[in-house]
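Colleague: Sequence first, predicted coordinates after that:
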Amino acid sequence: MDCLFCKFINKELKTDIVYEDENMLIFKDIAPQAKRHYLMVVKSHFKYLADMTENDSIMLARALKKLPELTELLGLEGGYRLVINQGDDAGQTVPHVHVHILCGQKMGWTPA
Ligand code: AMP
Ligand code: ZN
């Protein structure tokens, strides 16, 4: 599978992993858009949310539900923003569903 994030999951390529369990991986975004910027991916390949069945989406729900437990590790104390870009208009560049976790600063709300 020629997917960058699958290669991180399979350890074919190295990345800066901050958390991993049997369901998901959280690593640092290479081009941070906030003081702290992580990417959370589930360990199965889906290009779009639309490709997931209801059963598949449990993996994503599980990953989201885990976040409060990772407050200290990720530095989420002050609040955080989750973003899932889907398709061209949103600027999705990596075709593996991922959740951006932005935190560590106050944020505006001005999508260009
Ligand atoms: P999106 O534009 O929503 O598809 O997000 C893809 C994200 O992956 C962008 O924020 C990129 O900065 C990030 N990214 C691309 N290549 C790498 C990499 N090698 N390591 C970590 N993050 C990456
Ligand atoms: Zn993938």
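Modeller: All right, it came through fine. Ligands and ions are numbered 1, 2, ... in the order given.

Colleague: what stretches of this protein score poorly on pLDDT?
Modeller: Residue ranges of the chain with pLDDT under 70: 111-112.

Colleague: The residue positioned nearest the centre of it: what secondary structure?
Modeller: Closest to where the C-alpha atoms of the chain average out (Cα atoms, centre = their mean) is Met40, at 2.4 Å. Classification of Met40 by DSSP: H, G, I helix; E, B strand; the rest coil places it in strand.

Colleague: ok now do it, which residues does it touch?
Modeller: 24-26, 63, 67, 98-99, 101 (Cβ atoms under 8 Å, 6 or more residues apart in numbering). Using the backbone N, CA and C atoms, a C-beta is placed for each residue, glycine as well.

Colleague: what does the longest helix seen in the chain rub up against?
Modeller: Looking across the chain with DSSP state H, the single longest helix is helix 57-66. If you take Cβ under 8 Å, 6+ apart as the criterion, helix 57-66 is touched by 21, 23-24, 40, 42-44, 49, 52, 82, 97, 99.

Colleague: Give the PyMOL command for selecting the buried subset of the residues you listed.
Modeller: In PyMOL syntax, the buried subset of these is picked out as below (16 or more other Cβ atoms under 10 Å):
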select buried, resi 24+40+42+43+52+97+99
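
Colleague: Can you lay out the contacts of helix 57-66 as CSV showing secondary structure?
Modeller: Below are those laid out as CSV (three-state DSSP):
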residue, secondary structure
Asp21, coil
Asn23, coil
Met24, strand
Met40, strand
Val42, strand
Lys43, coil
Ser44, coil
Leu49, helix
Met52, coil
Leu82, strand
Val97, coil
Val99, strand
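
Colleague: Farthest-apart pair in the contacts of helix 57-66, please.
Modeller: Spanning the widest gap among those are Asp21 and Leu49, at 21.0 Å by Cβ to Cβ.

Colleague: so which of the contacts of helix 57-66 are also by ligand 2?
Modeller: Applying Cβ under 5 Å from the ion to those, one finds that nothing falls near ligand 2.

Colleague: buried sites along the helix or strand following the longest helix of the chain?
Modeller: Downstream of helix 57-66, the first helix or strand assigned by DSSP states H and E is helix 71-74. Of the residues in helix 71-74, Leu74 count as buried by neighbour count, 16+ other Cβ under 10 Å.
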